[in-house]
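*Asks:* Requesting a structural model of the entry that follows:
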Amino acid sequence: MNAAYFLDVTPALYDDLEGHTFQAFQYALTHTLNFDHGEPKVVFRYELSPLNVVYRQEVMETQQFIINLCAIIGGMVTVAGLLESLIVTTVEGRAHIKST
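*Replies:* Numbering: from 1, shown residues only. Model prediction:
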């Protein structure tokens, strides 16, 4: 049995509304197990990210919130229209083929 563990570490900064800054680390741990007939081993690998992630808490104005909400709703309507058009075209095409 072979086991491999992978650790990714990324530094992060959190800025809140009161001006406090907190430094933390984000990490992701994954592992794999292989059941083969070779010699058993355990492998540890880690990666330290050179990039720093910054999370900043900000207050959004009401106007900006309404604009973002309208953009999301408009995108949903557009995608729904595209899907509806695709479904209607497919159904009409199949009905035309069956009637011929």
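*Asks:* was I right about residue 36 contacting residue 2?
*Replies:* Yes. Judged on CB atoms under 8 Å, residue 36 makes contact with residue 2 at a distance of 6.6 Å. For glycine as for every other residue, the C-beta is placed from the backbone atoms N, C-alpha and C.
*Asks:* Show me which of these two is the more surrounded one.
*Replies:* residue 2 (14 against 8; other CB atoms under 10 Å).
*Asks:* Check that one and give its pLDDT.
*Replies:* At residue 2, the pLDDT value in this model is 88.
*Asks:* repeat for the one 10 residues further on
*Replies:* Predicted confidence (pLDDT) for residue 12: 96.
*Asks:* Leaving out chain neighbours, which residue sits closest to it?
*Replies:* Closest residue in space to residue 12, ignoring its immediate chain neighbours: residue 53 at 4.5 Å, by CB to CB, 6 or more residues apart in numbering.
*Asks:* contacting residues around the one you found?
*Replies:* By CB atoms under 8 Å, 6 or more residues apart in numbering, the contact set of residue 53 is 10-13, 26.
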